[in-house]
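1. Here is a sequence with its predicted model. Questions after.
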Amino acid sequence: MADNGPPTAACLRLSPDDDPLKALMLPFDGGALPWPAQGSIAFLRARDGWPLRQRPIGHLRCEQGFRPLADGLRQAGLDVQPDLEDAAGAALVLVLPPRQRDEARALLARAVGMAAPGARVVAAVANDEGARSREKDLQQLAGLGGTLTKFHCRVFWTAPLSGAHDAALLARWRQADAPRPILGGRFHSRPGVFAWDRIDPASALLAAHLPADLAGRGADLGAGWGYLASEVLGRCPRVASLDLYEAEARAVELARLNLDPHAARVALGFHWHDVTTGLPAGGYDFIVSNPPFHGHDRGDRPELGQRFIEVAAQSLRPGGRLLLVANRHLPYEATVAQAFATHRVLAEGGGFKVIEAVKAQAVDGQAADGRAVKDRRMKERRR
């Protein structure tokens, strides 16, 4: 799922100006805090970058559920998992809290719970991403030991923790982003995933214009928590299998839960995957997608959607169909025209457009058909 959704893509390479990461290292760079000489360091919502490399990181354990960033950490040789539930007793906990309040509070509560006695939690947030609010949250939860401002960010930290934090508040905030029923219980979702408590209008427009004759093997690129895939399975009875590809690990688990009612009759695949790197399987009869177009800095990245289109074209069988929804202003038509034999706009509304594109038939197959016709005509002439 995309539209105004979370970043998902290959162009999401780490910027040399990752200001929150630079701010996070300020207390250690300036000597306000010591970097632990021993013991594990937990890094929640971790990102790789040069500021992190200025100190020993061999005992760093990283949590990152967004696949492009997790892949970057792994390629840098760091220990990274989508979930560090077993990271209690850390000598230091670093956090880059997200913008969404409930998700951020749950992350800060987990960070405090992970810290060993005498350890600190250190967090950094961009000013325009809610820095002051997150600083107040950590202060309310465990008290503050210091704060610095630079790079249009705030970095703030606790005093050495000794178990004197508000245990009731910690327990409540840890559940602040827990999965829950939404939309009258039809689906489950959680704060922090894209359009977590609603059906986003772009996906709704695509769902309303899904051709009922979609059949065979299908895929949903950028599947989010599973709404569009659920609509495909509900509206298209001839679908035999559906693979969901999603870069956010938390959304993948929600999609698995939300599509469970269909699991008995349709083969389902759930893939924590960065679509822009290509797909591990091909030969799909159809693909649906509401691709992202924002990077982690929230700037427009139309090249993300363009890459989704290219990957879809590579992964469809000859004659296969792509059903795509996007903001009306995005320049996708040229990419679609280059990658597909034909395309048309199926619908427009609410600032969005639905595009149907059909992949060309195989050239070899067409040549073989042509030779067969020619041979048949020659035989008829000989008669």
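-> Perfect, I can see it now. Numbering: from 1, shown residues only.
2. Show me where the chain dips below the pLDDT cut-off.
-> When residues are selected by pLDDT under 70, those of the chain lie in 1-16, 164, 281-282, 294-300, 363-383.
3. any chance you could map the helices in it?
-> 19-29, 67-75, 101-114, 131-142, 167-174, 201-208, 227-235, 249-258, 302-315, 333-339, 363-382 (DSSP state H).
4. Next, format these as a markdown table and append distance to Phe194 and mean neighbour count.
-> Any C-beta I mention is one placed from the backbone N, CA and C, and that applies to glycine too. A markdown table is the format used below for those (distance: least, C-beta to C-beta, whole Å; neighbours: other C-beta atoms under 10 Å):
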| stretch | distance to Phe194 | mean neighbour count |
| --- | --- | --- |
| helix 19-29 | 20 | 21 |
| helix 67-75 | 14 | 20 |
| helix 101-114 | 12 | 23 |
| helix 131-142 | 20 | 19 |
| helix 167-174 | 22 | 14 |
| helix 201-208 | 10 | 20 |
| helix 227-235 | 10 | 22 |
| helix 249-258 | 7 | 22 |
| helix 302-315 | 13 | 22 |
| helix 333-339 | 22 | 16 |
| helix 363-382 | 39 | 10 |
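5. Which stretch among these approaches Glu348 most closely?
-> helix 201-208 (8.3 Å; C-beta to C-beta).
6. roughly how far is the closest one from the heart of the chain?
-> Remark: helix 201-208 is offset 19 Å from the chain centroid, using C-alpha atoms, centre = their mean, to the nearest Å.
7. helices or strands next to it in the packing?
-> helix 227-235, strand 316-327, strand 342-349, strand 352-358 (3 or more C-beta pairs under 8 Å, 6 or more residues apart in numbering; DSSP states H and E).
8. Next, format these as JSON lines and append distance to Ala171.
-> Shown next, in JSON lines, are the helices and strands packed on helix 201-208 (distance: least, C-beta to C-beta, whole Å):
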{"stretch": "helix 227-235", "distance to Ala171": "31"}
{"stretch": "strand 316-327", "distance to Ala171": "40"}
{"stretch": "strand 342-349", "distance to Ala171": "44"}
{"stretch": "strand 352-358", "distance to Ala171": "41"}
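9. Could you check how many residues crowd around the residue nearest to Ala70 when sequence neighbours are not counted?
-> Nearest non-adjacent residue to Ala70, counting by C-beta to C-beta, 6 or more residues apart in numbering: Gln64, 4.3 Å away. Residues lying near Gln64 (other C-beta atoms under 10 Å) number 26.
10. what residues are up against the closest residue to Arg344 other than its chain neighbours?
-> Leaving out its chain neighbours, the residue that sits closest to Arg344 by C-beta to C-beta, 6+ apart is Glu356, at 5.7 Å. Glu356 makes contact with 211, 321-324, 343-344, 346 under the criterion C-beta atoms under 8 Å, 6 or more residues apart in numbering.
11. for Ala123, same thing?
-> Going by C-beta under 8 Å, 6+ apart, Ala123 touches 24, 94-97, 108, 111, 134-135, 138, 155-157.
12. biggest separation within those residues, which pair?
-> Using C-beta to C-beta, the contacts of Ala123 reach their maximum pairwise distance at Leu94 and Glu135, which is 15.3 Å.
13. quick one: the residue nearest to Ala70 and Ala76 touch, right?
-> No: using C-beta atoms under 8 Å, Gln64 is not in contact with Ala76; the gap is 11.6 Å.
14. that older thread, show me what the residue nearest to Arg344 is bridged to.
-> In this structure, Glu356 bridges to Leu323, Arg344 when assessed by DSSP bridges.
15. thinking again about what came up before, could I get the helices of the chain as JSON lines with distance to Leu242?
-> Output for the helices of the chain, formatted as JSON lines (distance: least, C-beta to C-beta, whole Å):
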{"stretch": "helix 19-29", "distance to Leu242": "37"}
{"stretch": "helix 67-75", "distance to Leu242": "19"}
{"stretch": "helix 101-114", "distance to Leu242": "28"}
{"stretch": "helix 131-142", "distance to Leu242": "38"}
{"stretch": "helix 167-174", "distance to Leu242": "33"}
{"stretch": "helix 201-208", "distance to Leu242": "14"}
{"stretch": "helix 227-235", "distance to Leu242": "6"}
{"stretch": "helix 249-258", "distance to Leu242": "10"}
{"stretch": "helix 302-315", "distance to Leu242": "13"}
{"stretch": "helix 333-339", "distance to Leu242": "22"}
{"stretch": "helix 363-382", "distance to Leu242": "26"}
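16. Identify whichever of these lies nearest to Phe151.
-> helix 19-29 (4.0 Å).
17. Report the angle between that closest one and helix 131-142.
-> 50 degrees (axes from the mean of the first three to the mean of the last three C-alpha atoms, to 10 degrees).
18. send the alpha carbons of helix 19-29 over as CSV?
-> What follows is helix 19-29, C-alpha atoms only, in CSV (Å, rounded to 0.1, in the frame of the first residue of the first chain):
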residue,chain,number,x,y,z
ASP,A,19,20.2,14.3,10.6
PRO,A,20,18.5,12.3,13.4
LEU,A,21,21.3,9.7,13.2
LYS,A,22,23.9,12.5,13.4
ALA,A,23,22.0,14.0,16.4
LEU,A,24,21.8,10.6,18.1
MET,A,25,25.6,10.4,18.2
LEU,A,26,26.1,14.0,19.5
PRO,A,27,26.3,13.1,23.3
PHE,A,28,29.0,10.5,22.5
ASP,A,29,30.9,12.7,20.1
